[in-house]
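Peer 1: got a structure for you, letters missing:
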Ligand SMILES: Nc1ncnc2c1ncn2[C@@H]1O[C@H](COP(=O)(O)OP(=O)(O)OP(=O)(O)O)[C@@H](O)[C@H]1O
């Protein structure tokens, strides 16, 4: 069995032939707990959509080992809360992949739903309608749905956005529990200190991969300065993938990651692993 949960092969993703993530290659190992970090607009959500299969590659490829067992939690703003549904309806949707939309839930299914609701601290909220929940409570309910999905690969896009410290701690504990169960988790996070302290690996994006590997190393001052440099150079009208653009774009901190910086050729096996080059 392959040890790769996700394989990127010179992946470029974007909108209207305008790339937002450039030339990402490498593998996410099974069971890895990886933070996806970078400034606003650096391509984090785009990458999650690419992995989820919502956005097709402009070039290159992304391969997910077991697509059928993937859970994807988009950014909170993308959920329609006005739909008349209760917490228990939202959470029990996590069983759909196995029971079907109109399938009958057994007694043990309902026990699982209850256990998932308890695991996120929402006992007593089962009959509450979604539009009455606070942001943190909604995020807890969405995590309970992920618990039920029993996914091998879990993609979380900014789950800590607008939630308080206690909710962050609880959701983080759940994520670490998934990690111990050898599920693969990719999570978009803005708080670098939180990543350094709690998430073992990180992928730093600035529309292109800047560094990927151990969190503390990826988020060192040198890599962050490099990411800023690319963010500051951001220009909606600039030509993309200009020849020579990546001449110094080689910083990588993990053996499973590499950047393709030759735009004319698909130069596989080109791993730039030296640290600190600028
Ligand atoms: N549907 C879309 N159509 C056109 N451009 C888009 C679309 N979605 C995102 N973009 C652009 O792609 C780039 C990357 O956006 P993305 O949402 O991936 O960034 P992000 O790193 O997740 O940012 P944030 O931290 O603000 O959520 C941005 O320049 C954004 O404007």
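Peer 2: Yep, it's here. Only a predicted model underlies this, so the values are computations on that prediction, with no experimental measurement involved.
Peer 1: tell me the domain ranges of the protein?
Peer 2: Domain ranges of the chain: 1-66+152-278, 81-150, per automatic domain parsing.
Peer 1: right, and the ones you listed - which one's nearest residue 74?
Peer 2: Ranking the domains of the chain by distance to residue 74, with Cβ to Cβ as the measure, places domain 1-66+152-278 first at 5.3 Å. Quick note: C-beta positions are derived from backbone N, CA and C, even for glycine.
Peer 1: picking up where we left off before, the domains of the chain: which one's closest to the ligand?
Peer 2: Of all these, it is domain 1-66+152-278 that lies closest to the ligand, at 3.3 Å by Cβ to the nearest ligand atom.
Peer 1: which residue packs closest to residue 88, ignoring adjacent ones?
Peer 2: Computed as Cβ to Cβ, 6 or more residues apart in numbering, the closest residue to residue 88 that is not its neighbour in sequence is residue 126, at 4.3 Å.
Peer 1: so what's that neighbour up against?
Peer 2: If you count contacts by Cβ atoms under 8 Å, 6 or more residues apart in numbering, residue 126 has them with 86-88, 117.
Peer 1: can you turn the buried part of the residues you listed into a ChimeraX selection?
Peer 2: A single ChimeraX command suffices to select whichever of these are buried according to 16 or more other Cβ atoms under 10 Å:
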select :86,87,88,117
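Peer 1: just the contacts of residue 126: which are in helices?
Peer 2: When these are checked against helices using DSSP state H, the ones located there are 87-88, 117.
Peer 1: quick one: end-to-end distance for stretch 29-49.
Peer 2: Using Cα to Cα, to the nearest Å, the span of stretch 29-49 from its first residue to its last is 19 Å.
Peer 1: make 543 the starting number, not 1.
Peer 2: Right, with 543 as the first residue, what we last looked at is stretch 571-591.
Peer 1: any buried residues in it, and which?
Peer 2: Of the residues in stretch 571-591, those buried by neighbour count under the rule 16+ other Cβ under 10 Å are 571-581, 584-591.
Peer 1: now do that stretch: distance to the chain's middle.
Peer 2: Averaged C-alpha coordinates place stretch 571-591 at 4 Å from its chain's average position (Cα atoms, centre = their mean, to the nearest Å).
Peer 1: among the buried residues of stretch 571-591, which ones lie close to the ligand?
Peer 2: Among these, the residues lying close to the ligand (Cβ under 6 Å from any ligand atom) are 580, 584-588.
Peer 1: could I get those as CSV with pLDDT and secondary structure?
Peer 2: Converted to CSV, those look like this (pLDDT from 0 to 100; DSSP: H, G, I helix; E, B strand; the rest coil):
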residue, pLDDT, secondary structure
580, 96, coil
584, 94, coil
585, 95, coil
586, 96, helix
587, 96, helix
588, 97, helix
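Peer 1: ok, back up a step: least reliable of the domains of the chain by average pLDDT, please.
Peer 2: Averaging pLDDT over each of the domains of the chain singles out domain 543-608+694-820 as the lowest, with a mean of 81.
Peer 1: quick check: residues of this protein near the ligand?
Peer 2: 557, 562, 580, 582-588.
Peer 1: report the two of the residues you listed separated the most.
Peer 2: Checking the residues of the chain next to the ligand against each other with Cβ to Cβ, the farthest-apart pair comes out as 557 and 580, at 17.0 Å.
Peer 1: distance check, residue 577 against residue 691.
Peer 2: From residue 577 over to residue 691 the distance is 21 Å, taken as Cβ to Cβ, to the nearest Å.
Peer 1: endpoints of stretch 566-586, how far apart?
Peer 2: 12 Å.
Peer 1: chain center to that stretch: distance?
Peer 2: The chain centroid and the centroid of stretch 566-586 are separated by 6 Å under Cα atoms, centre = their mean.
Peer 1: what does stretch 685-703 give?
Peer 2: Offset of stretch 685-703 from its chain centre (Cα atoms, centre = their mean): 10 Å.
Peer 1: not counting sequence-adjacent ones, nearest residue to residue 655?
Peer 2: The shortest distance from residue 655 to any residue other than its chain neighbours is 4.9 Å, reached at residue 634 (Cβ to Cβ, 6+ apart).
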